[in-house]
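Participant: just coords:
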């Protein structure tokens, strides 16, 4: 015990002496001569030891060794050792902010990349050169990306794509005998200035480094916390889905056991029952039409393989549904010069504007679903292709002066919605609709307060049958999936406009009618929307009940959902009773549609309830629950803009006139959350959009009637005013074959790419059950 106390006391004295030494060193650094004299005198009188500063000589020795190691690695071409020392010893504030340091680092990367070519010009190791090229490309995509807009560095971004740089005229200076000595002189000068021996006292260094370290640690922990929360939410969603699938399988298994027991007793299993079981089994794996194409009433007509474990078409599909998808290499589309592109969108002639808007939309809608499309969308967002940030109040006055001037002069891209050219307005609306079709696109659009004003303005002023108004309406409907967008829509009396439009439903195309009804329902689900309907309850109820008799039955779920929602308001219920709404509903319940009948029963029950109106909905500020992509096929049949002979359009226009460098920002896509499904028996009670509801509705139907045959598999999108539109599979195949596939194959001739991605195509992605969206 005594020995331990002695050791502890020795440690305290040593630490105390070191601290006193640092204090004296700091006082000496600041020239506090009188204070130092008093300090020495008092320490001596109290018997305190003051250590002498010993770190400076050691630091000087280490600094010189680091410089030697860096220069030695430079001469040897050892890029791994060099950049490891560079990262550890060059201060981050110098590396990240000093233009000279950034320029030197760029040329150093070039030096190490071409080192094998200079060392053995005629017989260089190809594998080593490829490794260094890969290292250089990684640098260009990360730290080097910031220099891509500097003219003198621009030619070197093509270096990784040149087969033999030694004979290329753009790189002849790199292979001159004087190039390496000049670069080494710059490196030596930089190191002598940056790594010069420091006379800074240790106390000051501790203060600076300690504060920075703590701040960095806190930021890192905050990022980890956000990532952990995101992953936790993702795991909870996956768990809930697995649990639902498990319960479904248990139920089906129990029914199958009962059926096996029945066969032992001599009872037959009907083909209809077998059909319903298979539909439920496939409900979460593949489209309904796949199951319906199997004729269970004619055994032996399905596909049979030679595998002893593959005894039928249904079992084959089951095994195929859990087989790991085959990966396919999908190239990224070329980067674009968004600065030039946005300038031409704002200031170019109307013809060019329209062609650019069309090309941007095609790039998004014709890209392959998955990483290729995600990269296109993230490039649009990160480069602010719609200039939505220029419509916001900037954080600093001098930072976005140009953006503010553009806004005041109506020169932001979004203000093309107010263009005098109908074609420009139409193609701007189509591009916005394409953004609204994707979950990340809706997030981007939702950050633009002026967007809703521009869209609702166009909705009220565009001609009734125009494609511009149709696309604006669909975009608004998709944006209404987000609660942050519902509130201003309700405040702008969009509900009143929709009710007036739906009153004359015979003058609307089926497509417009369906999306208008769906938008009205989404807004009516909010407490504010219900109260807005209550202001003119008689008119709203009259329009909704009339719509129940419309020949387009696709709108009924949305009409039922709107009715069920607004009838929770006592004043609306009272008005409905005075209008004999219950009798009207019972007339429709006589139809041979069990699903509709059950929904009407729920509406009647709501109508006759006596509960008072509750407070503001608990879910008014909930997170948006519909986070899925709604991209539908993009038909060319309604393209009013056609290229003239020898006129560039589409991807050719973008890659010929607006090819950029490193503007595709890779970013992982957010995981989409599964929809919270309402039972098919009940009216809709969550915001939906028609394309998603058709898919979900098909799945819901499967679980509703165990022994009944499913509905027809021909479930296409309602025709627009110009006629029926092609299916997703046909349109996607056409778009891929016509342009994206060709561009993918010609990628190495067109320009630099951000990388190649591996994409597994599931059956759903290849045969997505959607239809045209008028983009």
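Facilitator: Now that the structure is in, tell me what you want to look at. Just so we're clear, the structure is a prediction, and the values are computed from it rather than from any experiment.
Participant: Packing partners of the longest helix that the chain contains?
Facilitator: Longest helix in the chain, counting residues (DSSP state H): helix 202-264. Applying 3 or more CB pairs under 8 Å, 6 or more residues apart in numbering; DSSP states H and E, we find helix 202-264 packed against helix 2-29, helix 271-282. For every residue, glycine as well, the C-beta is placed using N, CA and C.
Participant: rank these by pLDDT, which is bottom?
Facilitator: Per-stretch mean pLDDT for the helices and strands packed on helix 202-264 is lowest at helix 2-29 (a mean of 72).
Participant: Compute the number of surrounding residues for residue 553.
Facilitator: 12 (other CB atoms under 10 Å).
Participant: ok, now residue 421?
Facilitator: 15.
Participant: quick one: it and residue 349 touch, right?
Facilitator: No. Counting by CB atoms under 8 Å, residue 421 does not reach residue 349; the two are 9.5 Å apart.
Participant: any idea of the mean pLDDT in the longest helix of the chain?
Facilitator: When pLDDT is averaged over helix 202-264, the result is 80.
Participant: what's the strand or helix carrying residue 117 packed up against?
Facilitator: Assigned by DSSP states H and E, residue 117 belongs to helix 99-119. For helix 99-119, the elements it packs on are helix 79-89, helix 92-97, helix 126-141, helix 179-194, judged by 3+ CB pairs under 8 Å, 6+ apart.
Participant: Any idea which of those helices gets closest to residue 441?
Facilitator: helix 126-141 (23.9 Å; CB to CB).
Participant: so what secondary structure elements neighbour that closest one?
Facilitator: helix 99-119.
Participant: List the buried residues of the helix it packs on.
Facilitator: Of all the residues in helix 99-119, those buried under the rule 16 or more other CB atoms under 10 Å are 101-118.
Participant: what's the answer for stretch 516-535, then?
Facilitator: Buried-residue list, stretch 516-535, by 16+ other CB under 10 Å: 516-534.
Participant: Same question for stretch 447-461.
Facilitator: For stretch 447-461, by 16+ other CB under 10 Å, it's 448, 450, 451, 452, 454, 455, 456, 458, 459.
Participant: The first one and residue 381 touch, don't they?
Facilitator: To tie it back to what came earlier, the one meant is residue 448. No. Counting by CB under 8 Å, residue 448 does not reach residue 381; the two are 11.6 Å apart.
Participant: Please, which helix or strand holds the closest residue to residue 477 other than its chain neighbours?
Facilitator: Once flanking residues are discounted, residue 477 sits nearest to residue 519: 4.1 Å by CB to CB, 6 or more residues apart in numbering. Secondary structure assignment for residue 519, by DSSP H and E: helix 510-524.
Participant: about what we covered before: would you list the buried residues of stretch 447-461 in CSV and tack on distance to residue 168, secondary structure and pLDDT?
Facilitator: Converted to CSV, the buried residues of stretch 447-461 look like this (distance: CB to CB, whole Å; DSSP: H, G, I helix; E, B strand; the rest coil; pLDDT from 0 to 100):
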residue, distance to residue 168, secondary structure, pLDDT
448, 45, coil, 83
450, 48, helix, 88
451, 47, helix, 91
452, 52, helix, 92
454, 49, helix, 93
455, 50, helix, 94
456, 55, helix, 93
458, 51, helix, 93
459, 55, helix, 92
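Participant: Dump these to TSV, plus distance to residue 579.
Facilitator: Converted to TSV, the buried residues of stretch 447-461 look like this (distance: CB to CB, whole Å):
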residue	distance to residue 579
448	41
450	40
451	38
452	33
454	37
455	33
456	30
458	34
459	29
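Participant: got the contact list for residue 499?
Facilitator: 520, 536, 539, 540, 543 (CB atoms under 8 Å, 6 or more residues apart in numbering).
Participant: so what's it scoring on pLDDT?
Facilitator: 94.
Participant: what about it, which helix or strand?
Facilitator: helix 494-503.
Participant: likewise residue 330?
Facilitator: Counting by DSSP H and E, residue 330 is found in strand 327-331.
Participant: Need the contact partners of stretch 182-199.
Facilitator: 29, 56, 59-60, 63, 66-67, 70-71, 74-75, 89-91, 94, 100-101, 104, 107-108, 111.
Participant: wait, isn't residue 280 in contact with residue 248?
Facilitator: Yes. Residue 280 lies in contact with residue 248 (CB under 8 Å); the separation is 6.8 Å.
Participant: Looking at those two now, which is surrounded by more residues?
Facilitator: For residue 280 versus residue 248, the count of surrounding residues by other CB under 10 Å is larger for residue 280: 19 against 15.
Participant: Distance-wise, check that one relative to residue 148.
Facilitator: 54 Å (CB to CB, to the nearest Å).
Participant: got it, and residue 568?
Facilitator: Residue 568 is 57 Å from residue 148, by CB to CB.
Participant: All set now, cheers.
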